[in-house]
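S.K.: for reference, the sequence and a predicted model appear below.
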Amino acid sequence: MSPRKGSDFAGLSTAIVTPFRDGQVDEKRLAEQIDFQIDAGVTCIVPCGTTGESPTLTHDEHERVISLTIQHVAGRVKVMAGTGSNSTAEALRLTRRAADEGADATLQVAPYYNKPTQEGMYQHFRAVAEAVDIPVCVYNIPGRSAKNIEVDTIVRLAELPNITMVKEATGSLDQCTAVLGATDLTVLSGDDSLTLPMMSVGAEGVISVAANLVPSVLLEMVQTAAAGDYTKAAELHHRLYSLCSKMLGLATNPIPVKAAMQMVGRDTGEMRLPMVPLDEADRAILQETLMKFGMESAIAGQLQTSGA
């Protein structure tokens, strides 16, 4: 397959959680989680996305988390900073700051709540792309932003040099296929369970939630698919699907993945309102799901440590 505009970001990127402790960002635990991901072999760390609870970060915290991530990564892998906003001016401010700090790329979510027209979407992303010298990944997630970035709009955006990637989280394989057929953009799956289907039509990897928990298995699937061994990749996909569909379906992201990390001894602290922890019934389902995936020893060790 010929290289696309963002092929240097192909592979597994982790949309990393933001650890909190006593109402504050837990900087020590954030560094530990970054090291865990780098040791697993991921391509890129993505701070301050949906999984990083960016809506509940203050402006200062948002900038601080990105800065800490860039500093701690220290060039070992790429950093794609989540700097999108439904205010173009705010997206510009955050993105310029991240670029100055040394981010390798920016993840730009579709403007949410105010529901711009397709022309408004185009002008928003164009303004960001023309303001910085780092690659832009357009994040299309209509389930949260309330509007789809239509294929025709993405085709126009692909003409801008700095727009090199799309994080495709529409849940539509048709849209993924259309974008790949009409542009030279790199497509990264925004849904863990659709990563392999999207790669089968030309996507080059995933920006993953589940990689916070099981990066090595996801990396193996992505690398196996990229090498063309779809028989082996399908086996890994079906194993991961049983985890991702049950875990991530329990509640809004990142509630389940934070609960799962706590269960296996990698606690990232509390949620921030309006996000709340899993209830006991869902925690029981989650624990059973993790044990079926093969995490019995990690759970048993954590239960022993906690005295439960």
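M.R.: Great, that's in hand.
S.K.: okay, now the sheet partners of the strand or helix carrying Met165, with direction.
M.R.: According to DSSP states H and E, Met165 maps onto strand 163-168. Sheet pairing for strand 163-168, assigned by DSSP bridges, gives strand 136-140 (parallel), strand 186-189 (parallel).
S.K.: redo these as JSON lines? Include mean pLDDT.
M.R.: Shown next, in JSON lines, are the strands paired with strand 163-168 (pLDDT from 0 to 100):
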{"stretch": "strand 136-140", "mean pLDDT": "98"}
{"stretch": "strand 186-189", "mean pLDDT": "98"}
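S.K.: save these as TSV, and put in mean neighbour count and distance to Leu68 too.
M.R.: The way it works is simple: take the backbone N, C-alpha and C, and place the C-beta from them, glycine included. Putting the strands paired with strand 163-168 into TSV (neighbours: other C-beta atoms under 10 Å; distance: least, C-beta to C-beta, whole Å) gives the following:
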stretch	mean neighbour count	distance to Leu68
strand 136-140	27	21
strand 186-189	27	23
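S.K.: residues in contact with stretch 225-234?
M.R.: Outside stretch 225-234, the residues within contact range by C-beta atoms under 8 Å, 6 or more residues apart in numbering are Ala10, Gly11, Thr195, Leu196, Met199, Ser200, Glu204, Gly205, Met221, Thr224.
S.K.: out of the residues you listed, which sit inside helices?
M.R.: The helices, defined by DSSP state H, take in Thr195, Leu196, Met199, Ser200, Met221, Thr224 from the contacts of stretch 225-234.
S.K.: for Ser200, see how far away the fifth one is.
M.R.: For Met221, the distance to Ser200 equals 12 Å [C-beta to C-beta, to the nearest Å].
S.K.: of the two, who's got more company?
M.R.: A count of neighbours by other C-beta atoms under 10 Å puts Met221 above the other of Met221 and Ser200, at 24 against 15.
S.K.: correct me, but that one touches Leu243?
M.R.: No: with contact defined as C-beta atoms under 8 Å, Met221 does not count as touching Leu243 (11.8 Å).
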